[in-house]
Every structure is written in C-alpha cells, then in structure tokens.
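J.: Mind folding the following:
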Amino acid sequence: MTVLSYADSALSLLPPVVAILLAILTRKVLLSLGVGILIGTFLLNQWSIHDSALYLAEKVSGLFWSDGAINSWNLYILGFLLVLGMITALITVSGSARAFANWAKQHIRKRRDAKLLTMFLGCVVFIDDYFNSLVVGSICKPLTDRYYISRAKLAYLLDSTAAPVCVISPVSSWGAYIIALIGGILATHGMASTGHLTAFVEMIPMNYYPLFALLLLLFVALFELDVGPMRRHELNARKGQLYDDSKGVPPGATAELAEAESGEVGGLFIPISVLVFATLYFMVSSGASVLSSEGKTFSLIGAFEKTDVSASLFFGAILGLATTLLLAFRQKLPLRDIAVGLFVGAKSMLPAIYILMFAWTISGVIGQLETGKFMASLASGNIPFALLPAVLFVLAGLTAFSTGTSWGTFGIMLPIAADMAMGSHQSMMLPMMAAVLSGSVFGDHCSPISDTTILSSTGASCHHIDHVTTQLPYALLVAFISLGGYLVMGYTESVVLGLLCCLVLFIAGLFWFRKRADS
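T.: All right, here's what the predicted structure looks like:
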C-alpha cells in the first residue's frame, strides 16, 4: 500500500474544505467529516478501493491502538469526557445544580454578572483548553440557564477564554508546549542562551488575536453586543428556548433527569474543586516524574512541558466522580437515581465523542496529506518583508482552520517564521512567531473540525454548528483588528504601534457592532 504526499499540491486542501463546507451547509457534522475522510483516503491511496479500505481501517484502529500499544492519549480523553458527563449528571440528580442556580439568583442579579462570572472562571481555569471548556461549562450552565443566556453565548464565552488564555499563559499545557518549541528554535539559530520563558513572556503583548478576543468578549458580556446568528439565539433564549429544539437535545445535555429537592451548593463546588486540584496535582506530578527520570531539576514550567495532560484529566475526573458519589450517598439519594444519572451522563457525551473521533481521524488524514506544509509553502517567495507578519497571521489562520489543530500549526509554522526573520531582520523573530500563534488561535476558533470548538460546544450543551456560526462574526472582527496590527508592526517594526493600531480598530469595531446590535 503506497501512500502519496500532497505537500506541493492544492489538492491537499480538498478534504478539509469539503468537510467544512458540508458541515456548514448541511449541519450534519458526522456526515461532513466522513465525506472529508473518504476523499482524503482516496487521494492518499490513488483511488484504490482495496488500499483505501485497509488505510481507513488502520486509521480507525489507530485511535485506540497505535505503534503496538494502547493509544493512551485518545482513550484518556474519551474516558475524561464520559466521567465528566457522569459527574455533571449526578450533580443534576442531586439537585445541586438547581441549588447553585438559586444561590446565584440571590447573589448575581443580572444577566451581565452571570456572563462576567463565566468569563472570570474561564480566565482562572487556564491549565488546559479541554479542561477549561468542559469544567467551566459544567459550573456555569445552571447559572446562564437561570438568566436565559443562550447555550450559543455560553459556548462563545467558553471558547474565547480557553485557547486565548492558554496561549498567553506559561503555566498551562499550551504555554509549556510553545516554550518547548521556542527553545528548540532558539537553539537551532544559535540563541540557546536566550531564556525560553523570557522569550514567551516577551511575545505576550505581540499576540494580538488572543488579547483582543478577550477584550471583545468583555465588552460583549457588558453591553449585549449580539450580532449575526448570535442575536437570534439570544432573542430565543429570552423566550425560554436556550438551544435549537428542532435538532433535539444537544450533546452534553441531561434534560431527562429528575432533580432532588434536597440539593446543596456544595454538591456542585466540592466535586468540581476536587477535579480541578486533583488534575493540577497529576499534571505537576507526572511532569516532575519525567524530569526526575531525565536527571533534570524540578521547575513548574518544566513539569508542565513534560506532563501527561490526558492521563491527568482522566484521573482527576475519577477523583471528582468518587467525590460526587460520596456526596450522593451522604445525601441518601436512591441507588436507582444514581445509576440512571451515571448512565444518562455517560450517554450524553456520546455525540461529542463521535464527533471528536471523526475529527481526530480527518486530522490524521490531513496530516498525511501534508496540508499544513502546503499552506506554509505559500509564505515563501517574493513577499516584501514588511508584509510577512500579516501574511504569517493569515496563513497560520488558514492552516489551523483547514487542519483543525493549533498545536500542529505551531509545529509547522513557528520554525518557518523564525527562519524568515533570521534571513533579514533578526529583531522581528519574536513578533513573527507571535503572529503565527495569533493566527493559529484564530483558525482554531473558526474551524468546525477543531477539537477545542467541539469541546466548547459540548461544555455548553450547544449544537456544534450553532457554536461555529454564532462565534464567527466575533472571531472575524478580532482577526481584522489583528491583521491591521500586524501590518503596522511589519512596516514600522514596532510592537507598540501595532498595539495602538489594534486599539483604534477595536474601538471602531465596537461602534460598528453596537450599531448592528441596535438595528
């Protein structure tokens, strides 16, 4: 079985483009991803049905068994989703979700405050984007439902505080990964003496998209800037329709569960707190074990760089589930109600798991097509240096959008950005790499095949395509603002002037959004 490479061909774009367009047009995510997977498989195997069938079987089995061993990363993530679904359902069965909503109604008296609290928690829980989207969603869903905030708005709040916060936080799975990449790049260019963490911190004010995505989110929460499809969802939510009923109960929802009358707020916060701190402990301890085995001195950044994120999430969730069960037994909930809650909770996550497995499969196919390398190759040629930060931002965005992965885009395009800067303007290396980080997060926000997008919609119990379409206008506005900033940065080689340009465009964008929201 000979598998072709399409690193130099625009055909490498065909599977992701078809999958994304079909998903938006038909709103059938699994069908769309399946068609994209089949097209990519046939391209790689020269349209041979036999070879394509063998290749596809290998890809699907690789989700669970890879290189002669269990694919622990995928299985731990899937296990984490199932266990979190059980925790959420038990919290609902115990009445704790309702108790929290009642408590919040006494202490949080406005829709605006409910959105601000969700945003605040999203910024505080920054250790991992998966963790952020799912855990903060579980906490805040009863609160946002109480104030008739649409699930689409909740998904936007979750998604816009997941990757944007993680990508500028050194103490996170994203930050550790980026710092490790930066370290390798600096060493390659003879700059090993430059502090990796220092370089990462210096890049934060150059990372325009995450910064202004968070700032826009704050203004949307404060001033009800609902535009495009989001406006329709918010208007429907005020009438009690939190999500589109025509498509049934969305992934992650547990609407069929009965709630006990004796629930307490602690029944929500205690299990979630155990989950958060246990996960953080497992992340640090697993990273520390690797550092110790390599004979390296412990450091928090180093531990996050070497941590096993998926295992930490799973075992943290197991402890959270054990705590939830103990509280349920202490509350003397009927065993039947507990059993039903566990079953319904796990079942509620199955649609998200199916989508995630299809997304992983198409991501593997796209990786073998080398779509990312084709996108990166478009940056080469006779492009004026002043335009390169903006060009890298756009190409990183398109690559992440097409492949559904920010991390893969980082790995492909950060070295290219560094090489381009070293060729003529060494001082622009960090700004150009920051443009890649920004573009990657932008593409991730817009892509229907991104795992972060999938899990944000799951955490909010929002239909996947509803989340994509409602978030898109906000992501595009921030992308336009960032593009202007990178153009100014490229021509002036000044990060501050680029930030000022972004600020001016941001203010203009707010007025435009305000006008659209009021019309």
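
J.: Summarise which helices and strands the worst-scoring helix or strand of the chain on mean pLDDT is packed against.
T.: When the helices and strands of the chain are scored by mean pLDDT, DSSP states H and E, helix 371-377 comes last with a mean of 76. Applying 3 or more CB pairs under 8 Å, 6 or more residues apart in numbering; DSSP states H and E, one finds that helix 371-377 contacts helix 388-403, helix 406-424. For the C-beta atoms, the positions are set from N, CA and C on the backbone; glycine is no exception.

J.: With distance to Gln471 and mean neighbour count as added columns, please give these in JSON lines.
T.: Compiled in JSON lines, the helices and strands packed on helix 371-377 are given as follows (distance: least, CB to CB, whole Å; neighbours: other CB atoms under 10 Å):
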{"stretch": "helix 388-403", "distance to Gln471": "13", "mean neighbour count": "27"}
{"stretch": "helix 406-424", "distance to Gln471": "15", "mean neighbour count": "20"}
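
J.: Tabulate these (JSON lines), appending mean pLDDT and distance to Leu291.
T.: As requested, those are arranged in JSON lines below (pLDDT from 0 to 100; distance: least, CB to CB, whole Å):
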{"stretch": "helix 388-403", "mean pLDDT": "90", "distance to Leu291": "30"}
{"stretch": "helix 406-424", "mean pLDDT": "81", "distance to Leu291": "21"}
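
J.: And the ones you listed: which comes nearest Ala97?
T.: helix 406-424 (31.6 Å; CB to CB).

J.: from the chain's centre, how far out does stretch 392-412 sit?
T.: 13 Å (CA atoms, centre = their mean, to the nearest Å).

J.: ranges for the helices of the stretch 51-200 of the chain?
T.: Assigned by DSSP state H, counting those that start in this stretch, the stretch 51-200 of the chain shows helices spanning 72-93, 96-107, 111-124, 129-131, 137-146, 151-159, 163-166, 173-188, 196-203.

J.: which residues sit in contact with the residue nearest to the spatial centre of the chain?
T.: For the chain, Thr452 is the residue whose C-alpha lies nearest the centre (CA atoms, centre = their mean; 2.6 Å). Thr452 makes contact with 129-130, 133, 159, 162-163, 406, 444 under the criterion CB atoms under 8 Å, 6 or more residues apart in numbering.

J.: do the same with Leu483
T.: By CB under 8 Å, 6+ apart, Leu483 lies in contact with 390, 393-394.

J.: cool, Ser150 as well?
T.: Contacts of Ser150 by CB under 8 Å, 6+ apart are 230, 233-234, 236-237, 242-243, 462.

J.: Mind doing that once more with 7 Å?
T.: 233-234, 236-237, 242 (CB atoms under 7 Å, 6 or more residues apart in numbering).

J.: residues near Ser66, how many?
T.: For Ser66, the count of nearby residues is 15 (other CB atoms under 10 Å).

J.: ok so, going back, ok, the contacts of Thr452 vs Ala23, which is closest?
T.: Asp444 (15.4 Å).

J.: Next, give phi and psi for the closest one.
T.: phi -60, psi -40 (degrees, to the nearest 10).

J.: same deal with Gln241?
T.: When read as degrees, to the nearest 10, the backbone of Gln241 gives phi -100, psi 90.

J.: quick one: it from Pro210, how far?
T.: 32 Å (CB to CB, to the nearest Å).

J.: Looking at the two, which one has more neighbours?
T.: More crowded of Gln241 and Pro210, by other CB under 10 Å: Pro210, with 25 against 14.

J.: That one reaches Cys166, doesn't it?
T.: No - using CB atoms under 7 Å, Pro210 makes no contact with Cys166, being 8.8 Å away.

J.: what do these two both touch?
T.: By CB under 7 Å, 6+ apart, no residue touches both Pro210 and Cys166.

J.: looking at the helices of the stretch 51-200 of the chain, which is buried most?
T.: Among the helices of the stretch 51-200 of the chain, helix 151-159 has the highest mean neighbour count (mean count of other CB atoms under 10 Å), at a mean of 30.

J.: Now do that one: which elements does it pack against?
T.: Of the remaining helices and strands, those touching helix 151-159 by 3 or more CB pairs under 7 Å, 6 or more residues apart in numbering; DSSP states H and E are helix 111-124, helix 137-146, helix 229-238, helix 451-460, helix 464-492.

J.: starting at the chain centroid, how far to that helix?
T.: With CA atoms, centre = their mean, you get 12 Å for helix 151-159.

J.: what inclination does that helix have with respect to helix 137-146?
T.: 140 degrees (axes from the mean of the first three to the mean of the last three CA atoms, to 10 degrees).

J.: Other residues contacting helix 151-159?
T.: 115, 118-119, 122, 132-133, 136-137, 140-141, 144, 217, 230, 233-234, 242-243, 250, 445, 452-453, 456-457, 459-462, 466-467, 470-471, 474.

J.: What of stretch 62-73?
T.: So stretch 62-73 is contacted by 74-75, 310-311, 357, 360-361 (CB under 7 Å, 6+ apart).

J.: So which of these belong to helices?
T.: Among the contacts of stretch 62-73, the subset assigned to helices under DSSP state H consists of 74-75, 310-311, 357, 360-361.

J.: can you give me the end-to-end distance of stretch 129-143?
T.: Taking CA to CA, to the nearest Å as the measure, stretch 129-143 stretches 21 Å from start to finish.

J.: average model confidence for that stretch?
T.: Stretch 129-143 carries an average pLDDT of 83.

J.: cool, stretch 346-365 as well?
T.: Stretch 346-365 comes out at a mean pLDDT of 85.

J.: from the chain's centre, how far out does it sit?
T.: That offset, for stretch 346-365, works out to 14 Å (CA atoms, centre = their mean).

J.: Just the residues contacting that stretch, thanks.
T.: By CB under 7 Å, 6+ apart, stretch 346-365 touches 15, 19, 29-30, 33-34, 36-37, 40-41, 59-60, 63, 74, 78, 81-82, 85-86, 89, 251-254, 403-405, 449, 451, 454, 458, 464.

J.: Secondary structure element holding Ala7?
T.: Using DSSP states H and E, Ala7 sits within no helix or strand.

J.: residue contacts, the residue nearest to Thr161 when sequence neighbours are not counted?
T.: In space, Thr161 comes closest to Gly122 once its chain neighbours are excluded; the distance is 2.8 Å by CB to CB, 6 or more residues apart in numbering. Contacts for Gly122 (CB under 7 Å, 6+ apart) come out as 132, 136, 157-158, 161-162, 165.

J.: for His233, what are its contacts?
T.: 150, 152-153, 466, 470.

J.: hang on, the earlier thing: out of the helices of the stretch 51-200 of the chain, which is closest to Met420?
T.: It's helix 173-188; of the helices of the stretch 51-200 of the chain, that one is closest to Met420 (CB to CB) at 11.9 Å.

J.: Report the distance from the closest one to the chain centre.
T.: On CA atoms, centre = their mean, the centre of helix 173-188 falls 20 Å from that of its chain.

J.: Now do that helix: everything it contacts.
T.: 127-129, 166-167, 169-170, 192, 194, 196-197, 199-200, 301, 304-305, 307, 309, 407, 410-411, 414-415, 418, 437.

J.: repeat that for 8 Å
T.: 127-129, 163, 166-170, 192, 194, 196-197, 199-200, 283, 301, 304-307, 309, 406-407, 410-411, 414-415, 418, 433, 437.

J.: on that earlier part again, quick one: which of the ones in helices among the contacts of stretch 62-73 has the most company?
T.: Trp360 (24 neighbours).

J.: measure it to Gly404 for me?
T.: Applying CB to CB to Trp360 and Gly404 gives a distance of 9 Å.

J.: shared neighbours, these two?
T.: Counting by CB under 8 Å, 6+ apart, the residues touching both Trp360 and Gly404 are Asp451.

J.: that older thread, for the contacts of Ser150, which two are the farthest from each other?
T.: Glu234 and Leu242 (10.2 Å).

J.: between the two, which one's more packed in?
T.: Leu242 (26 against 19).

J.: so where's the chain shaky on pLDDT?
T.: 1-4, 192-195, 245-249, 251-259, 379-382, 423-424, 519 (pLDDT under 70).

J.: Correct me if wrong: Ala390 contacts Tyr486.
T.: Yes - in this structure, Ala390 is within contact of Tyr486 by CB atoms under 8 Å, at 4.2 Å.
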